[in-house]
Every structure is written in C-alpha cells, then in structure tokens.
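K.L.:
3D, please:
(one chain, ligands or ions: 2)
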Amino acid sequence: MTNVTETVSPLASSATNSSERVDGVQSETLKEIGVLFASDADTADGALSVDVTQVKRVDERKHEVVWRNVIIFIVMHASALYGVYHIFHAKLFTIFFSIFLYSINMIAITAGCHRLWSHRSYKAKDPLRALLIFFNLTMYQLSAFHWARDHRIHHKFTDTDADPHNSTRGFFFCHIGWVLSVKFPEVVAKGKSLDLSDLYEDRILMFEDKYYFKLMPFLAFLLPTIIPMYMWNENFINSWCLAIALRMIFVWHSEWSINSVSHMYGMRPYDKNINPTQNVGVSIFAFGEGWHNYHHAFPWDYKAAEWGDYSLNFATAFIDLCAKIGWAYDLKSVSPAMIEKRVKRTGDGTHAIWGWDDKNLSPECKQNAIVLNKKEH
Ligand SMILES: [Zn+2]
Ligand SMILES: [Zn+2]
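P.N.:
Ligands and ions are numbered 1, 2, ... in the order given. Predicted coordinates:
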C-alpha cells in the first residue's frame, strides 16, 4: 500500500513541477515541444531527459469485488452467447434494430460522453445535447456526467493507480476488471481535485444524472425488448438476447477495448513515452476512438485523430453533420505544424507518410531518394 502510494506520488509531483516550470517557458518553446498546455506534458521537457517509466509501475494489491456487477455481466454475457447461437432464427428487423441501437450507443459514448463532455473539444446546442443524452439512456453503463468525470481522471493521471482503468495493472483489469471492483482510494481522491464546474452547469447533463436509474431501465431494457415483439412479432428470447444482451456486450467491449487494447498494442507515432497506441481494429468498433496515441497527445481535438477519414471515425462524421445543421460549433483541432513538431520530438518513428508529396517527408529523405528516369528541365 505504502509502496503504491509512493509509486503514484512522484508522478503527481513531477507533473506539478513540470507545470510550474513549463508555465515559465516562452510560448514559442511550448509550440516547439508540441503541447498547448503545460499540464499536457509529463515533464517540463516532454520526457526528453526524464525516465517516466519508473513512476508508472504498480505493485500488487487486493481488489474488492462488486458482486452485483459480476452477476449482471454473467447474465448479459450468457444471454449474448445464446443470442449468437440463435441469430439465424431471429427476424431480420431485430438484427437491424440491434445494429441501430449499437450505433446510437456508440455515438452517445464517442461524440457525447467523450468528445463533448469529457474534453470540451466542441460545443453543442440544446437539441444535440438532449439527443446525445437520449442515446446514452438507451444503454446501461454510467450517466454521461459520471462517465466524463472518470474520463477526465483517466487523462490527468493516465496509467497510475489514480486512473480508474490503469493499463499497467494488466489486460484483464483495464478491460473489465475495473468495472467489477471497487475504485482505488487514489481514484476517488484525485476525482475530487478536478474542476467539474462546467459539467454541473449543464442542466441537460445534470437532469440525466439525477434521473438515470429511473429512465435508463425503461429506455435501455424494457422498450428495446418490447418494440421488436409488438412491431414485427419477434419472440421474447430473440428480442432480449439480441437487442439487449448481444448489442450491449458489443458496446461494452468496444468501449473497454479503448482502455485495454489501445493502451497496450499498436504504434506510438505521436508520443512513445505514453502507453496509449494507434489501433485500427478498435477504431472500427469504437467509431474512431482507436487513434489513442494521438488522442492522449492532443485530447482537445474533436476528431480524436489526425486524419478526417470518416470510414474509420463515424463519430467525426456525426459531429461534422451536426455542425452542418448548426447544432455543433467551435470544433477544435490541432494544426499540422504542431502535430509535425510533436511527431518529430516524441514520436516512435512510425508516423504514416502517404507518399512523395506528404509534407511530413523530411527534406533529407527527399534529397537522398533515388529518382530514376529523371526529367531534365
Ligand atoms: Zn486512454
Ligand atoms: Zn479521452
């Protein structure tokens, strides 16, 4: 216990010191190291000279199991498996309905809980915030307020014991174990230190939080079970196993993969000093949230990725669509110049270059390239 506290505190103090030191540095230097805010750098020099791996290692400790969640997850996983077994006996409408629910749930998580409320990477008018809250209530997880609070802790104390899903505790813990166990005291303590005033001021968000356990059971479980039965004569088993269990299991595992797979497997083209990675598989299922190395380097970018490819980032497509009709505005992104500086300073050398005229291709590379059949001018 003592060791763990000691393990976490050096990072906290290092971050504080770095903030103080970086705050005193000229803005030009900040641009050079590729961070907008001092708090986004682990150390004043962006970990160029300080080994931060030591403070990210954790000791063994006991987990207090939340048995209610264990039972819910066993029932849901068993139902989902039965759903897979019965999928060819279900009506086509039930399958489409399940995919539709999965999609609006992922939009609630990615465009709502994550990019809007956790990171304020864009602003949303009342109708969009209300729509995202409605989408969020059609699945069982957390109210958007609680989601955003936990996620801000994750970014502030990534991969320490103050991070709710600390990936240095292994795949099982950061994927599902953290949901099945009581939060560590460090998570609760650091959570209290965060400024959540903007969230408290959002009346739509706070309305959902207040009535979450009254509205969610009706919209996430009851209604999606009844609709297929009454609208197209589906039986109860197919309705429950597909539209509820299998759909939610897909949502949960897609979401958890961001915390596990995208913190353990993949390249780190933007910052090799942090655990988060770029993972295309996670991006497909999690609507564009698998570009996690980029996201942790630049958490205020509404695309949560450098590129604007909609096929691997449905959440960006949704936000852009909302911006077109005026519901989303003040969309923040990162300039290519700042990305380039960050890539060169802290990247692992795997940053994608699409070809010859890519601006990230260095002049040295171009000079040393062999060009055959060169046209004489
Ligand atoms: Zn993360
Ligand atoms: Zn985030």
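K.L.:
Do you have the strands of this structure handy? List them.
P.N.:
With strands called from DSSP state E, the chain shows them at 123-124, 328-329.
K.L.:
Tell me which of the ones you listed is the most buried.
P.N.:
strand 123-124 (a mean of 20; mean count of other C-beta atoms under 10 Å). Heads up, the C-betas are built off the backbone N, CA and C, glycines and all.
K.L.:
Under the pLDDT cut-off, which ranges of the stretch 51-200 of the chain? List them.
P.N.:
51-59 (pLDDT under 70).
K.L.:
Could you check how many residues crowd around the closest residue to F134 other than its chain neighbours?
P.N.:
Once flanking residues are discounted, F134 sits nearest to L219: 7.6 Å by C-beta to C-beta, 6 or more residues apart in numbering. Neighbourhood size, L219 [other C-beta atoms under 10 Å]: 16.
K.L.:
swap in W117?
P.N.:
W117 has 26 nearby residues by other C-beta under 10 Å.
K.L.:
and it, what does it touch?
P.N.:
Going by C-beta atoms under 8 Å, 6 or more residues apart in numbering, W117 touches A144, F145, W147, A148, L199, D202, L205.
K.L.:
roughly how far apart are the fourth one and D209?
P.N.:
Okay, so that is A148. Separation of A148 from D209 (C-beta to C-beta, to the nearest Å) stands at 10 Å.
K.L.:
The two: which is more packed in?
P.N.:
Just comparing A148 and D209: by other C-beta under 10 Å the higher neighbour count belongs to A148, 25 against 18.
K.L.:
related to what we said a few turns ago, dump the strands of the chain into CSV; add distance to W117 as well.
P.N.:
Formatted as CSV, the strands of the chain follow (distance: least, C-beta to C-beta, whole Å):
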stretch, distance to W117
strand 123-124, 9
strand 328-329, 13
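K.L.:
which one is F184 nearest to, not counting chain neighbours?
P.N.:
F184's closest residue in space is D161 (C-beta to C-beta, 6+ apart), at 5.3 Å.
K.L.:
burial count for the one you found?
P.N.:
22.
K.L.:
do C113 as well
P.N.:
Neighbours around C113, by other C-beta under 10 Å: 27.
K.L.:
That one contacts A148, doesn't it?
P.N.:
Yes: assessed by C-beta atoms under 8 Å, C113 is found in contact with A148 at 5.9 Å.
K.L.:
picking up where we left off before, quick check: the residue nearest to F184 touching V188?
P.N.:
No: shown here, D161 and V188 do not form a contact pair, counting by C-beta under 8 Å, at 11.3 Å.
K.L.:
Please report how far H119 lies from A220.
P.N.:
Relative to A220, and taking C-beta to C-beta, H119 is found at 25 Å.
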